[in-house]
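Asks: what shape does this take:
(2 chains)
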There are 2 protein chains.
Amino acid sequence: MPFSLYEITVPVFIHGLKTLSHLLDVGTEQVKFDGESKLITSRLVEDQGDLVFQVQKASDAARLLVVRLVKFDGESKLITSRLVEDQGDLVFQVQKASDAARLLVVRLGKVESATFANDEATFEQLHARISETIKFLESVDPKQIDQAESDIIEWNGQKLIGSAYAVQFAIPNFYFHLTTAYSILRKDGVQIGKADFLGKKN
Amino acid sequence: MPFSLYEITVPVFIHGLKTLSHLLDVGTEQVKFDGESKLITSRLVEDQGDLVFQVQKASDAARLLVVRLVKFDGESKLITSRLVEDQGDLVFQVQKASDAARLLVVRLGKVESATFANDEATFEQLHARISETIKFLESVDPKQIDQAESDIIEWNGQKLIGSAYAVQFAIPNFYFHLTTAYSILRKDGVQIGKADFLGKKN
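Replies: You can find the predicted model right below:
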C-alpha cells in the first residue's frame, strides 16, 4: 500500500514534535541537575552535629530558592543558546520546526490555524507551543491534505505543487530545525544521543 | 497519485547527497578564498616600482605553493571539525549520510553494494564517496524497493517493517547527518544558508 501525502507528513511531524518536547525535557532536567550539583558541592555544609543540623534546616528554604534561581539562570542561557552568532537560537529552532509542520497543514489543507506571537521565553512556553502545534496537526482531516497533491502552493514568492512542497520543502525544513535544536542542546552538554533524536519507533 | 516507498526515499537521498556535495564545494572554495585573502593582506608587498615588480614575479611560484599549503591546511582543519568534542566530525557526517541512503537500498532492495573503508581524509575523497553512493542509488530498480514495504527489516538488533524503516529511521537519520554536516561548515564560517541546504527545487 503506497503512502498518502498525509501519511508522509502529518504523523511524521507529530512524532518529531513529541521528540522535540522530550529533548527539551532532558535539557531542563540537566540544567536543574547541574545547578543542584553545583550547590551541593559548593554551598552545603557537612553534617557535623546538632547545631549544624539546625542551620541546615533553616537553610533549606534558602537552598530551594537558590535552586530555583540557578535553574532559571541555566534555562535562560540554554534557551537563547545557538551554534553560530548569526544563526537562530534554541527558541527560534523550536518556532521554525513548529511552523514547518503547521504551515504545511495550513497551505495544503487550506485550514486556518492559530498564529503564534513568537515570543516564547521559557521552556514552559516552548512546550506549550509544541502542544498547540500537535493539537492543530491532529485536528486536520487526512483527506484535506491528500487532495492537495497537485495543487499549486505559493508562499513567500515560491511556488511548488503540493507533493513537492511536502517532499522538497516541508520535510527537510522540519528535520533541519529539529536537528539544529538537538545540536544546540548537545553542544551545551545535554546528555542526548541519536536514539533520543529518532524517538520511539513502532 | 500516492507516493511509492521508492519515491519518498531514493530520489530524496540522491537530491540530498547532491546538496551535500554542493555544501562541501562552498566549504573548500571558502577555505581557498580565506587562505588567499590572508596571503594577499599579509604576505604580498605593495607594487612600488620595477625592482619590486621583479621580486613579485619571482615570488609568484612561491606564492602558488603557499596558497596550496594554506588550502591544504584549511581543508584538513575543516574536514575534521565537529560541533562537540564527543560527536563525529565532518567526514563522519558525510559517511553516515551516505550510509543512511545506501543501507536503505541494501536492506529493502536486497541488493549488494560496494562497502566503503570509511577512511576518507580529503574533500576529494568525500566527493568520490558521495558520487559512488549516488551511482549506487540510481542503479536500483524502484520495484525492488517498493516490494519491501511489509518486509521485516532487521539490523543492528533492531526490527521494523520496510515502510517504517524508511519513514521512522532512514529519512530522519539521513537528514540528521546532512544537517549536522551543514552546521559544522556553518559554524566554521562557510557562507551557506537555508537555500543551500534545501537545494534546487523542481
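Asks: span of stretch A:151-158 from start to end?
Replies: Distance across stretch A:151-158, first residue to last, is 14 Å (Cα to Cα, to the nearest Å).
Asks: what sits up against that stretch?
Replies: By Cβ atoms under 8 Å, 6 or more residues apart in numbering or on different chains, the surrounding residues in contact with stretch A:151-158 are A:Leu103, A:Arg107, A:Leu108, A:Lys159, A:Leu160, A:Ile161, A:Gly162, A:Tyr165, A:Phe169, B:Lys201. Placement of C-beta: from N, CA and C, glycine included.
Asks: derive a ChimeraX selection command for the buried subset of those.
Replies: In ChimeraX, this line selects whichever of the contacts of stretch A:151-158 come out buried by 16 or more other Cβ atoms under 10 Å in any protein chain shown:
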select /A:103,107,108,160,162,165,169
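Asks: can you put the contacts of stretch A:151-158 in TSV and add secondary structure and distance to A:Leu90?
Replies: Formatted as TSV, the contacts of stretch A:151-158 follow (DSSP: H, G, I helix; E, B strand; the rest coil; distance: Cβ to Cβ, whole Å):
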residue	secondary structure	distance to A:Leu90
A:Leu103	helix	20
A:Arg107	helix	26
A:Leu108	helix	28
A:Lys159	strand	32
A:Leu160	strand	29
A:Ile161	strand	33
A:Gly162	helix	31
A:Tyr165	helix	27
A:Phe169	helix	23
B:Lys201	coil	28
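Asks: of the contacts of stretch A:151-158, which is the nearest to B:Asp25?
Replies: B:Lys201 (19.0 Å; Cβ to Cβ).
Asks: for that closest one, which non-adjacent residue is closest in space?
Replies: Residue nearest to B:Lys201 in three dimensions, not counting chain neighbours: A:Gln168, with 4.8 Å by Cβ to Cβ, 6 or more residues apart in numbering or on different chains.
Asks: give the burial count for the one you found, as a bare number.
Replies: 20 (other Cβ atoms under 10 Å in any protein chain shown).
Asks: part of a helix, is it?
Replies: Yes - assessed by DSSP: H, G, I helix; E, B strand; the rest coil, A:Gln168 belongs to a helix.
Asks: hmm, it is touching B:Leu198, no?
Replies: Yes - with contacts counted by Cβ atoms under 8 Å, A:Gln168 reaches B:Leu198, the gap being 7.2 Å.
Asks: report the contact partners of A:Ser98.
Replies: A:Leu17, A:Phe116, A:Arg129, A:Ile130, A:Thr133.
Asks: need the residues you listed in a markdown table with pLDDT and distance to A:Gly88, can you?
Replies: Below are the contacts of A:Ser98 laid out as a markdown table (pLDDT from 0 to 100; distance: Cβ to Cβ, whole Å):
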| residue | pLDDT | distance to A:Gly88 |
| --- | --- | --- |
| A:Leu17 | 92 | 17 |
| A:Phe116 | 93 | 15 |
| A:Arg129 | 95 | 15 |
| A:Ile130 | 95 | 16 |
| A:Thr133 | 95 | 17 |
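Asks: what about the helices in chain A?
Replies: Applying DSSP state H to chain A gives helices spanning A:10-42, A:50-79, A:90-109, A:123-139, A:142-146, A:162-164, A:171-187, A:194-198.
Asks: these: lowest mean pLDDT?
Replies: Mean pLDDT is lowest for helix A:50-79 among the helices of chain A, at a mean of 71.
Asks: which residues touch A:Val190?
Replies: For A:Val190, the contacting residues are A:Leu23, A:Val26, A:Gly27, A:Gln30, A:Leu78, by Cβ under 8 Å, 6+ apart.
Asks: give me that answer again for 7 Å
Replies: Residues near A:Val190 by Cβ atoms under 7 Å, 6 or more residues apart in numbering or on different chains: A:Val26, A:Gly27, A:Gln30.
Asks: give me the subset of these touching chain B.
Replies: Restricting these to those touching chain B (Cβ under 7 Å from any Cβ of the partner chain) yields no residues.
Asks: now flag whichever of the contacts of A:Ser98 is closest to A:Asp141.
Replies: A:Thr133 (17.2 Å).
Asks: who's in contact with that closest one?
Replies: Neighbouring residues of A:Thr133 by Cβ under 7 Å, 6+ apart: A:Leu17, A:Ser98, A:Ala101, A:Arg102.
Asks: just among those residues, which is most surrounded?
Replies: Neighbour max across these (other Cβ under 10 Å) = A:Ala101, 28 neighbours.
Asks: the nearest residue to it once chain neighbours are set aside: how many residues sit nearby?
Replies: What sits nearest to A:Ala101 in space, not counting adjacent residues and going by Cβ to Cβ, 6+ apart, is A:Phe13, at 3.7 Å. When neighbours are counted by other Cβ under 10 Å, A:Phe13 registers 24.
Asks: residues contacting A:Phe13?
Replies: Here A:Phe13 is in contact with A:Ala101, A:Leu137, A:Phe174 (Cβ under 7 Å, 6+ apart).
Asks: repeat that for 10 Å
Replies: By Cβ atoms under 10 Å, 6 or more residues apart in numbering or on different chains, the contact set of A:Phe13 is A:97-98, A:100-102, A:104-105, A:133-134, A:137, A:170-171, A:174-175, A:178.
Asks: for the residues you listed, which one is nearest B:Glu149?
Replies: The closest of the contacts of A:Phe13 to B:Glu149 turns out to be A:Ile171 (Cβ to Cβ; 18.9 Å).
Asks: got the contact list for that closest one?
Replies: Shown in contact with A:Ile171 (Cβ under 10 Å, 6+ apart): A:8-9, A:12-13, A:16, A:100-101, A:104, A:165, B:8, B:12, B:171-172, B:175.
Asks: just flag the most distant two among those residues.
Replies: Farthest pair in the contacts of A:Ile171 (Cβ to Cβ) is A:Tyr165 and B:Pro172. Separation: 19.0 Å.
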